[in-house]
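# Provided below are the primary sequence and the corresponding predicted coordinates.
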Amino acid sequence: MVLRPRFALALVAAAAACTSTTATHRAASPTAAVVDTAALRRLAADTAAPADSLAPRVILACRAQAARTKCVETSLYFVLERSGIARAMAVLDHLAESDAELRREAHALAHGLGIAAYQSPETVAATLAACPNTQISGCYHGVIQGYFLAQSQATGELSPAQLDALCSPHRPNRLLYGQCAHGMGHGLITFYRRDLPMALAACDRVSDSYARESCWGGAFMENIIGATHPSHTAEAHTNTAGGHTAAEAEPSGSGHAGMHHGAGEHAAADPASDSAAAPARARWKAIDPDDPLYPCNVVADKYGYQCYLIQTAAILAQNGGDIAKTARDCAGAPARLVPVCYASLGRDLTSFASRDAAQTAVLCARAGAAAEAGCLRGAAIALIDVAQDPGDGLALCRAAAGAPLKEACYGAVIRWIAGSVPLARREAACAAAEPAFADRCKAGQGDTVVR
């Protein structure tokens, strides 16, 4: 089996924030109520206030608002307008540290800030680079979504050269390059009016294989977000920010329940022949409540890894958060992709557990014996990727019950450390490992499991 880069799961850790949900939780629409914008503008005008002191003032100003998250989001847009994306994200980071509700919404808020920060094709590279690698990289993805929103209104066309050029300034930095390409997948879904086959076909025209696969992952993630959390789409964030003119928003997947979704029906056409400026063809059905593995089971095999790496976000949203049933559905994937689906489940369960390591381990146990190890692997990497802190993954490994499960969890975390932490800092990164795994951690001897 071919090993995938650790970064592949790092990219879709964002899905735990964007798409995973309990049976009762749904994000409120950011346009649901009016807030006192004059007061928020005055707050943002204090450009000298450090982010850690401005964040409590935002919470105070929004405490009595019926639409509290919208109030916070509007405040952050005013900070962005006055002081730039880096400071706006710093305020968001402090808000997420101090408030559990805002922590759950922080990735989506970061998407919105990135979209609003985009200014022009000439400055897109610099804007992306100004984003911090926090809140599961939402700012990066948002900037690229902003680019595609603007392009859909400007020309309605995308050439292969244009797609290649978008992320090429970041090729020397593997992190930024992958995040840019992943954001491209998000943006192409919006550009092609939420038609997944069109977006995937556009990703196929990217010449670099690493960027192309990252683009696929972003497209699959955004496909699910549009169906399960329409208030977290680029279009919805644009309406709140008052920035770019958004393309028509896609209704939830339940509105497409009557559409046939055979493989032939969804074969992707040449993207150049059907741009966002052209008349839309029959709408793509994003997810199917009667087929938990759709669309992974109708797209081409080459897309399978990236599709199953996010698919449990759709499954859980449709089955009311039934963990055991989701694991059984994963078992119906092609054999080589079953471990990938289990890792996807682990990532999503970190969100169900509010990123608490001990509770995440309890939830992975509910997935059943066949899925539990894969679930822990995926969960460990997702916990790390929130703040790029391997200690968060090691906390899950300590909570895992029994040697085989600890082996699976530690193998994944050690592999992450070996690929992401410089040798000089590895001993410190491994400090929280249990004694039986400490030496392996320092030596970088992780697992080789496909995930």
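Right, received. Where do you want to start? Residues are numbered from 1 along each chain as shown.
# shaky segments in the stretch 351-451 of the chain?
Along the stretch 351-451 of the chain, segments meeting pLDDT under 70 span 448-451.
# so Ala400 touches Leu376, yeah?
Yes. Counting by CB atoms under 8 Å, Leu376 is a contact partner of Ala400 at 5.7 Å. Backbone N, C-alpha and C define where each C-beta goes, glycine included.
# list residues touching both of the two?
Common contact partners of Ala400 and Leu376 (CB atoms under 8 Å, 6 or more residues apart in numbering): Ala361, Ala408, Cys409.
# so what's Leu128 up against?
Counting by CB under 8 Å, 6+ apart, Leu128 makes contact with Tyr140, Val143, Ile144, His170, Leu176, Gln179, Cys180, Gly183.
# can you list the buried residues in the helix or strand containing it?
Leu128 is part of helix 124-130 when elements are defined by DSSP states H and E. By neighbour count on 16 or more other CB atoms under 10 Å, the buried set for helix 124-130 is Val124, Ala125, Thr127, Leu128, Ala130.
# got TSV for those residues, with pLDDT too?
Listed next are these as TSV, based on pLDDT from 0 to 100:
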residue	pLDDT
Val124	97
Ala125	97
Thr127	97
Leu128	97
Ala130	97
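# could I get those as JSON lines with distance to Phe352?
Below are the buried residues of helix 124-130 laid out as JSON lines (distance: CB to CB, whole Å):
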{"residue": "Val124", "distance to Phe352": "35"}
{"residue": "Ala125", "distance to Phe352": "36"}
{"residue": "Thr127", "distance to Phe352": "33"}
{"residue": "Leu128", "distance to Phe352": "31"}
{"residue": "Ala130", "distance to Phe352": "32"}
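# from the residues you listed, which single one is nearest Val58?
Of all the buried residues of helix 124-130, Ala130 has the smallest distance to Val58: 20.6 Å, by CB to CB.
# ok, that closest one to Ala100 distance?
Ala130 sits at a distance of 28 Å from Ala100 (criterion: CB to CB, to the nearest Å).
# got it, and Gly374?
Here Gly374 is placed at a distance of 28 Å from Ala100 (CB to CB).
# go on, Phe78?
Plainly put, Phe78 is 24 Å away from Ala100 if you go by CB to CB.
# who has more neighbours, those two?
Under the criterion of other CB atoms under 10 Å, the comparison of Phe78 against Ala100 puts Phe78 first, with 18 against 9.
# how about that one, what does it touch?
Going by CB under 8 Å, 6+ apart, Phe78 touches Thr37, Leu40, Arg41, Leu43, Ala44.
# which residues does the last one contact?
By CB under 8 Å, 6+ apart, the contact set of Ala44 is Ser75, Phe78, Val79, Glu81, Arg82, Ser83.
# same check on the third one?
Under the criterion of CB under 8 Å, 6+ apart, the contact list for Arg41 reads Phe78.
# distance from the chain centre to stretch 174-181, please.
13 Å (CA atoms, centre = their mean, to the nearest Å).
# also stretch 225-233?
12 Å.
# and it, average pLDDT?
For stretch 225-233, mean pLDDT rounds to 84.
# end to end, how far does it reach?
In stretch 225-233, first residue to last residue: 7 Å (CA to CA, to the nearest Å).
# picking that back up, mind checking which of Ala400 and Leu376 has more residues around it?
Leu376 (34 against 26).
# how about the nearest residue to the more buried one, chain neighbours excluded?
The shortest distance from Leu376 to any non-neighbouring residue, by CB to CB, 6 or more residues apart in numbering, is to Cys409 (4.4 Å).
# count of neighbours near the one you found?
A count of neighbours around Cys409, defined by other CB under 10 Å, yields 29.
# name the element it belongs to?
Following DSSP H and E, one finds Cys409 within helix 403-420.
# what about the helix holding Leu128, distance to the chain center?
Using CA atoms, centre = their mean, the offset of helix 124-130 from its chain centre is 19 Å.
# what packs against the helix or strand that it is followed by?
Counting by DSSP H and E, the element after helix 124-130 in chain order, helix or strand, is helix 138-154. Secondary-structure packing of helix 138-154 (3 or more CB pairs under 8 Å, 6 or more residues apart in numbering; DSSP states H and E): helix 14-18, helix 85-98, helix 100-117, helix 124-130, helix 174-191, helix 234-241.
# turn the ones you listed into JSON lines, including distance to Leu309.
Listed next are these as JSON lines, based on distance: least, CB to CB, whole Å:
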{"stretch": "helix 14-18", "distance to Leu309": "9"}
{"stretch": "helix 85-98", "distance to Leu309": "24"}
{"stretch": "helix 100-117", "distance to Leu309": "17"}
{"stretch": "helix 124-130", "distance to Leu309": "23"}
{"stretch": "helix 174-191", "distance to Leu309": "12"}
{"stretch": "helix 234-241", "distance to Leu309": "21"}
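# rank the ones you listed by pLDDT, which is bottom?
Minimum mean pLDDT among the helices and strands packed on helix 138-154: helix 14-18, a mean of 51.
# give me the next element, helix or strand, following that one.
Using DSSP H and E, the helix or strand that follows helix 14-18 in sequence is helix 37-44.
# what mean pLDDT does that next one have?
On average, helix 37-44 scores 83.
# list the buried residues of it.
The neighbour-count check on helix 37-44 (16+ other CB under 10 Å) flags Leu40, Leu43, Ala44 as buried.
# stretch 413-432 too?
Here stretch 413-432 shows Val413, Ile414, Arg415, Trp416, Ile417, Ala418, Ser420, Val421, Arg426, Ala429, Cys430, Ala432 as buried, counting by 16+ other CB under 10 Å.
# out of those, who's nearest Arg283?
Lowest distance from Arg283 to the buried residues of stretch 413-432 (CB to CB) belongs to Trp416, with 38.9 Å.
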